[in-house]
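Peer 1: okay, sequence plus prediction incoming.
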Amino acid sequence: MVFTDLDGTLLDHQTYTFEPARPALKALKARGAPLVPCSSKSFGELLELKQMLEFDGPLIAENGGGVYLPSSHPLAGLDGGSQWQAQGPGWLRQDLGLPVDEVRRRLAPLKVRFGLRGFGDMDDQEVAALTGLSLASAVLARRRHYDEPLLPTATPIDASDLGRAAASAGLEVAQGGRFWHAFSGGGKGRAVSLLLDLYRRLDPGLVSMALGDALNDLPMLAVVERPVLVARPGGGHALVDLPGLRRAPLVGPAGFNQAVLAALEELA
């Protein structure tokens, strides 16, 4: 079972293409191995990507704030489905994070103190310009439910200071490839652990793998058996260290492709 970050991992950091990863995606599909995106992207963005990648299964949105499951999925029947609630036609969800309006309320003094602007302060055109997304995709990116992406507007931020200030407001902050992210109660590690626990009821021998490229992927990488860090544009890796961590030498989707194919060969 493979969990993957998107921007900078399965998707190219600049172009958002996943073409270099097609052989690995095809191999996973042939094996029937679940592929679960675990991203800061919104549910709407993940649905759009799901159609492009042609995979079925759960989605982890907004840094673990919400876990989404097709209503026909076998996991939906475990525990009588009592933990899941309807999310539009054909989907169920579990809320792990606080609502984004509450996150933004708690963030307000921190934004002033640290010189931060969030997606809630921007319009669709600005988000499109900052990210390189199309306007339609920027609309989906701004439709947040749990997690607020933040952009520094002035001097470099001291991560320790920001982390302490966020914790005092009951928030967590994580640094991604483009933005800082603020949330509360979710987290990639918690969301991945939830799905792993459910999947292992169906398959106790399941082998878990996760791939990321940034420090905010550490909680996800820490709860799987085969953590992989792909290289970043320009070379090198994020400052992440874990027992058993493998560092793929290639960047983004090429690194994803190499690492997944190697794992499938080892486990064959």
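Peer 2: Structure received.
Peer 1: could you pull out the helices for the stretch 101-250 of the chain?
Peer 2: 124-131, 135-142, 159-168, 188-202, 218-221 (DSSP state H, counting those that start in this stretch).
Peer 1: which one of those helices is the most hemmed in?
Peer 2: With neighbours defined as mean count of other Cβ atoms under 10 Å, these peak in mean count at helix 218-221, which reaches a mean of 24. Bear in mind the C-beta positions are built from the backbone N, C-alpha and C, glycine included.
Peer 1: returning to that earlier point: any chance of the helices of the stretch 101-250 of the chain in a markdown table, plus distance to N63 and mean pLDDT?
Peer 2: Output for these, formatted as a markdown table (distance: least, Cβ to Cβ, whole Å; pLDDT from 0 to 100):
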| stretch | distance to N63 | mean pLDDT |
| --- | --- | --- |
| helix 124-131 | 16 | 93 |
| helix 135-142 | 13 | 94 |
| helix 159-168 | 13 | 93 |
| helix 188-202 | 6 | 94 |
| helix 218-221 | 9 | 95 |
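Peer 1: redo those helices as CSV? Include distance to H237.
Peer 2: Listed next are these as CSV, based on distance: least, Cβ to Cβ, whole Å:
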stretch, distance to H237
helix 124-131, 23
helix 135-142, 26
helix 159-168, 17
helix 188-202, 18
helix 218-221, 12
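Peer 1: relative to L211, how far out is L245?
Peer 2: To L211, L245 is 11 Å away according to Cβ to Cβ, to the nearest Å.
Peer 1: meant to ask about L196, not that
Peer 2: Taken as Cβ to Cβ, the span from L196 to L211 is 15 Å.
Peer 1: cool, P152 as well?
Peer 2: Between P152 and L211 the distance is 27 Å, computed by Cβ to Cβ.
Peer 1: which one's more surrounded, the two?
Peer 2: L211 (29 against 14; other Cβ atoms under 10 Å).
Peer 1: for the more buried one, give the beta-bridge partners.
Peer 2: In this entry, L211 is beta-bridged to T4, V228, by DSSP bridges.
Peer 1: show me the contacts for it.
Peer 2: Shown in contact with L211 (Cβ atoms under 8 Å, 6 or more residues apart in numbering): 2-5, 9-10, 228-230, 248, 255-256, 259-260.
Peer 1: and with 10 Å instead?
Peer 2: Contacts for L211 (Cβ atoms under 10 Å, 6 or more residues apart in numbering) come out as 2-5, 9-10, 21, 24, 38, 217, 220-221, 224, 226-230, 246, 248, 255-256, 259-260, 263.
Peer 1: next one: A268
Peer 2: R31.
Peer 1: what about V36, distance to F43?
Peer 2: Taken as Cβ to Cβ, the span from V36 to F43 is 14 Å.
Peer 1: so what sits against both of these two?
Peer 2: L59, I60.
Peer 1: number of residues surrounding V2?
Peer 2: Around V2 sit 26 other residues, with neighbours defined as other Cβ under 10 Å.
Peer 1: hmm, M209 and it touching each other?
Peer 2: Yes. The pair V2 / M209 is scored as a contact, 4.9 Å apart, by Cβ atoms under 10 Å.
Peer 1: overlap in contacts of those two?
Peer 2: By Cβ under 10 Å, 6+ apart, the residues touching both V2 and M209 are A33, L35, V224, R226, V228, A259, V260, A263, L264.
Peer 1: in a markdown table, list the residues you listed along with distance to R143, neighbour count and pLDDT.
Peer 2: Output for the shared contacts of V2 and M209, formatted as a markdown table (distance: Cβ to Cβ, whole Å; neighbours: other Cβ atoms under 10 Å; pLDDT from 0 to 100):
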| residue | distance to R143 | neighbour count | pLDDT |
| --- | --- | --- | --- |
| A33 | 30 | 17 | 94 |
| L35 | 23 | 20 | 96 |
| V224 | 29 | 22 | 97 |
| R226 | 33 | 21 | 97 |
| V228 | 30 | 27 | 98 |
| A259 | 31 | 26 | 98 |
| V260 | 30 | 26 | 98 |
| A263 | 34 | 21 | 97 |
| L264 | 35 | 17 | 96 |
